[in-house]
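Novice: here you go, sequence then predicted model.
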Amino acid sequence: MPRHSPDTTTTGSTTSTPPFGYHGAWLRVDVSDGSSERLPISPEVLRDYLGGSGLGTWLLSHLNAATIDPLSPAAPLALVFSPLVGSPLTTSAKFAVVARSPLTGMLNDALSSSGFAISGKRCGADALVVVGRAARPSLLVIDDGRARLEPADDLWGLSSGEAQNALRERFPGDWQFAVIGPAGERQVRYATLSHDGRHAGRGGAGAVLGAKQIKAIVVRGTQRCAWADPPALVELARDLSNRSLGPATAKYRELGTVANLFLFNRLQALPTRNFQQGSFDGAEGMSPEGLSAARDKTRSSCAACTIGCEHIYQIRSTNASTTTNQNVRMEYENLFALGPLCDIRDVDQVLAASSRCDELGIDTISAGGTIAFAMECVERGWLDAPWLRFGDSRALLRALDEIGSRQGLGDRLAEGSRRLAVSIGPHALEIAPQVKGLEIPGYEPRALQTMALGLAVSTRGADHNRSGAYEADFSDRVDRRQLTPASAALAVATEDKAALLDSLILCKFLRGVFRDFHEEAAQLLRLTTGWSVTADELAATARRIVDAKKRFNVAAGWIPADDTLPARFLDQPLADDPQARLTRDQLTAAIVAYNRLRGWTDEGFPP
């Protein structure tokens with residue numbers, strides 16, 4: 001149970017008490033000199049933007065981050081919590097890492113789950129914002145709201161896992177850590193922020209922290225927030241936990257997200273060989289049954305989660321002197337990006353590649369997408385790297401190592417597929433698998449055309465977590481191979497729902513558990529914060545958050561031409577499914593319909 005009521009925050013000459021569930025303040029830390037300042041957030045802003053992705057967008061807009069080079073000392077990196085963090089609600093131990101992306105130049109919010117969220121919020125702030133650049137490799141230590149820097153020269157160069165192990169010895173007890181790997185130190189544009197084997201992955205938050213010479217953020221705290229109605233909240237949490245063990249999440253518990261690979265392959269929606277085809281003849285060996293048949297497997301859960309979707313496989317790892325067993329977390333996106341997309345059939349090598357990404361601290365989707373693109377460029381004679389070939393697992397592992405060290409071709413691959421394509425020529429940009437610079441996840445746009453719209457208009461770039469439009473494609477509401485303007489409403493609805501989930505913050509695997517998402521979300525906010533919030537208000541909140549993200553991007557240089565797909569996906573049918581064909585006119589008409597539903601201009605500018 002919480003130990004005390006929320007703090008009182010003084011703003012100028014007025015004093016206001018923050019809502020239950022909040023501290024009503026954010027902590028700004030300048031790592032140039034280790035100074036920190038606790039700054040107020042008004043109750044009105046908290047209610048308008050909630051937390052997580054929404055509050056992070058407000059903070060970065062407030063700090064004019066859209067006009068700051070994301071790798072410069074002045075660029076802010078925000079770690080943002082929510083009113084639900086620390087509550088008994090399942091999957092609520094999550095935080096958002098929000099920054100201007102060094103990969104896309106647009107707003108990026110990467111979400112993750114772990115005890116870091118709980119300890120970070122107990123430091124007495126609703127967000128931790130890091131600015132500046134340390135004079136040497138350092139740790140940012142925040143102890144119950146008090147910030148200091150410690151040297152990290154001995155940790156610089158360590159893998160994400162090695163760094164966390166060293167930090168556990170250096171900081172025994174209830175400390176939590178968010179670390180970067182070698183890729184973040186070298187500012188690979190899709191470097192991750194890691195903790196407890198989980199990753200704030202997409203968009204390059206690790207590079208932003210690496211540019212500040214911060215190896216890790218270390219937190220602990222004792223400042224808990226009270227809830228408005230603890231008995232009712234506990235009862236609601238118990239009911240939600242029980243429902244989270246039902247049929248809506250059975251697939252994730254029993255098979256994990258890798259189960260999607262076999263389904264997508266059957267629908268010819270599994271991107272293969274840099275999106276040249278939609279099916280992969282080695283898919284059966286990568287099914288959950290195939291993975292489990294020859295390998296030991298265990299299950300695990302994120303902090304404060306009852307679902308338990310993590311499936312961890314054991315592989316044998318051999319170096320020059322020893323052979324050891326290695327545990328590898330495997331998700332669908334890792335498997336797709338490092339397997340079919342690069343035409344790799346050896347499952348153990350795909351698992352090894354996924355583990356290598358974790359060690360280096362790089363996003364698997366962007367790594368696999370950039371490497372697969374480079375493989376096709378080599379195949380076409382556009383890139384002089386004859387060793388980098390589709391289907392060669394040793395080449396895949398070499399490419400990952402070169403990315404992490406920025407050696408050889410890896411220095412160009414570390415820039416992402418869009419920058420690599422620009423350096424090759426306009427013809428290469430037509431097949432680079434990205435939107436706004438962010439590599440496309442494991443959804444073939446021509447086979448899932450509502451999702452194609454979601455990918456094209458997403459403020460984050462090509463992303464399956466900020467747009468859940470694929471849900472419509474897997475339903476009977478649309479013809480998944482025939483995009484029409486009517487699909488725009490479905491894309492808007494799933495995007496708005498994602499914005500709320502990412503701001504509350506709750507896991508998206510719960511979305512099928514709610515009977516009436518907006519009403520139940522309003523209820524849990526009422527019990528947590530004491531607000532008389534309604535379902536209609538939350539719907540308006542979601543629209544406000546999406547509008548704010550788009551306004552940030554406009555300030556960062558977004559233009560209407562950015563809302564599109566690479567030429568490969570337009571007017572050319574999928575090679576192994578001729579019915580899967582998306583025309584430019586179809587996509588343009590759907591984008592205009594989407595913009596109008598948002599209340600923006602036809603070109604996509606918000607009011």
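Specialist: Received, thanks.
Novice: tell me, what residue is most central in this structure?
Specialist: residue 110 (3.6 Å; CA atoms, centre = their mean).
Novice: I'd like the mean pLDDT over stretch 118-138, please.
Specialist: Taken as a whole, stretch 118-138 has an average pLDDT of 97.
Novice: list the buried ones in that stretch?
Specialist: Buried residues in stretch 118-138, counting neighbours by 16 or more other CB atoms under 10 Å, are found at 118-134, 137-138. From N, CA and C alone the C-beta is placed, and that goes for glycine too.
Novice: who are the contact partners of the residue nearest to the centre of the chain?
Specialist: Each residue near residue 110 by CB atoms under 8 Å, 6 or more residues apart in numbering is listed here: 96-98, 192-193, 200-203, 205.
Novice: make it 7 Å
Specialist: Residue 110 is in contact with 97, 200-203, 205, counting by CB atoms under 7 Å, 6 or more residues apart in numbering.
Novice: residue 589 versus residue 563, what's the distance?
Specialist: The spacing between residue 563 and residue 589, counted by CB to CB, to the nearest Å, is 13 Å.
Novice: so which strand or helix has residue 194?
Specialist: Per DSSP states H and E, residue 194 falls inside strand 193-195.
Novice: whoops, I mixed them up, residue 164
Specialist: helix 160-170.
Novice: can you check residue 38 too?
Specialist: strand 35-40.
Novice: what of residue 203?
Specialist: If you go by DSSP H and E, residue 203 is not part of any helix or strand.
Novice: which helices and strands does the top helix by length along the chain pack with?
Specialist: The longest helix of the chain (DSSP state H) is helix 535-556. Counting by 3 or more CB pairs under 7 Å, 6 or more residues apart in numbering; DSSP states H and E, the packing neighbours recorded for helix 535-556 are helix 43-49, helix 52-62, strand 107-113, helix 487-504, helix 517-529.
Novice: can you put the contacts of residue 110 in a markdown table and add distance to residue 357?
Specialist: Output for these, formatted as a markdown table (distance: CB to CB, whole Å):
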| residue | distance to residue 357 |
| --- | --- |
| 97 | 17 |
| 200 | 14 |
| 201 | 9 |
| 202 | 12 |
| 203 | 15 |
| 205 | 15 |
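Novice: ok, so of those residues, who is nearest residue 28?
Specialist: Closest approach to residue 28 among the contacts of residue 110 (CB to CB): residue 97, at 15.8 Å.
Novice: secondary structure class for the closest one?
Specialist: Of the three states, residue 97 takes strand according to DSSP: H, G, I helix; E, B strand; the rest coil.
Novice: try residue 154
Specialist: coil.
Novice: that one: neighbouring residues, count only.
Specialist: Applying other CB atoms under 10 Å, we find 12 residues neighbouring residue 154.
Novice: repeat for the one 10 residues further on
Specialist: Other residues within reach of residue 164, judged by other CB under 10 Å, total 20.
Novice: I'd like to know how far it sits from residue 457.
Specialist: 37 Å.
Novice: for the residue nearest to the centre of the chain, which non-adjacent residue is closest in space?
Specialist: Excluding its sequence neighbours, the residue lying closest to residue 110 (CB to CB, 6 or more residues apart in numbering) is residue 200, at 3.7 Å.
Novice: beta partners of that neighbour?
Specialist: Residue 200 has these beta-bridge partners by DSSP bridges: residue 193.
Novice: test my guess that it contacts residue 190.
Specialist: No: with contacts counted by CB atoms under 7 Å, residue 200 stays clear of residue 190, the gap being 11.6 Å.
Novice: of those two, who's got more company?
Specialist: The residue with more neighbours, out of residue 200 and residue 190, is residue 190; 35 against 27, by other CB under 10 Å.
Novice: which parts of stretch 532-542 are buried?
Specialist: Across stretch 532-542, burial judged by 16+ other CB under 10 Å covers 533, 537-539, 541-542.
Novice: tell me, how many residues neighbour residue 575?
Specialist: 16.
Novice: ok, for it, nearest residue in space, not its chain neighbours?
Specialist: residue 277 (4.9 Å).
Novice: next, give phi and psi for the one you found.
Specialist: Backbone torsions for residue 277, taken as degrees, to the nearest 10, come to phi -150, psi 170.
Novice: who's it bridged to?
Specialist: In beta-bridge terms (that is, DSSP bridges), residue 277 pairs with residue 272.
Novice: roughly how far apart are it and residue 376?
Specialist: Residue 277 is 12 Å from residue 376, by CB to CB.
Novice: what do you get for residue 84?
Specialist: Counting by CB to CB, the gap from residue 84 to residue 376 is 43 Å.
Novice: looking at these two, which has the bigger crowd around it?
Specialist: Shown here are residue 84 and residue 376; by other CB under 10 Å, residue 84 has more neighbours (30 against 21).
Novice: and the more buried one, which of the three is it?
Specialist: What three-state DSSP gives for residue 84 is coil.
Novice: confirm for me that it is in contact with residue 528.
Specialist: Yes: using CB under 7 Å as the test, residue 84 is close enough to residue 528 to be in contact (6.1 Å).
Novice: on that earlier part again, gap between the longest helix of the chain and the chain center?
Specialist: 18 Å (CA atoms, centre = their mean, to the nearest Å).
Novice: and the angle from that helix to strand 107-113?
Specialist: Using axes from the mean of the first three to the mean of the last three CA atoms, to 10 degrees, the inter-axis angle of helix 535-556 relative to strand 107-113 is 130 degrees.
Novice: helix 52-62 and helix 535-556, what's the angle between them?
Specialist: Helix 535-556 runs at 40 degrees relative to helix 52-62, counting by the same axes, to 10 degrees.
Novice: which residues sit against helix 535-556?
Specialist: So helix 535-556 is contacted by 48-50, 53-54, 57-58, 60-61, 66-67, 100, 105-107, 459, 495-496, 499-500, 503, 518-519, 521-522, 605-606 (CB under 7 Å, 6+ apart).
Novice: quick check on the residues you listed: which are buried?
Specialist: 48-50, 53-54, 57-58, 60-61, 66, 100, 105-107, 459, 495-496, 499-500, 503, 518, 521-522, 606.
Novice: now residue 79: which helix or strand?
Specialist: Per DSSP H and E: strand 77-80 holds residue 79.
Novice: buried sites along that strand?
Specialist: With the criterion 16+ other CB under 10 Å, strand 77-80 contains buried residues 77-80.
Novice: centre of the chain to that strand, how far?
Specialist: 13 Å.
Novice: output the contacting helices and strands for that strand.
Specialist: Strand 77-80 packs on helix 52-62, strand 94-100, strand 127-131, helix 205-211, going by 3+ CB pairs under 7 Å, 6+ apart.
Novice: what lines up beside it in the sheet?
Specialist: strand 94-100 (antiparallel), strand 127-131 (antiparallel).
Novice: tabulate the ones you listed (a markdown table), appending distance to residue 40.
Specialist: Formatted as a markdown table, those follow (distance: least, CB to CB, whole Å):
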| stretch | distance to residue 40 |
| --- | --- |
| strand 94-100 | 19 |
| strand 127-131 | 12 |
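Novice: nearest to residue 464, out of these?
Specialist: Smallest distance to residue 464 across the strands paired with strand 77-80 (CB to CB): 16.7 Å, for strand 94-100.
Novice: neighbouring contacts of the closest one?
Specialist: 52-53, 56-57, 60, 65-66, 68, 70, 75-81, 107-113, 116-117, 120, 193, 200, 205, 208, 502, 505, 556.
Novice: rewinding a little: immediately after the longest helix of the chain, which helix or strand?
Specialist: Helix 535-556 is succeeded, C-terminally, by helix 584-598 (DSSP H and E).
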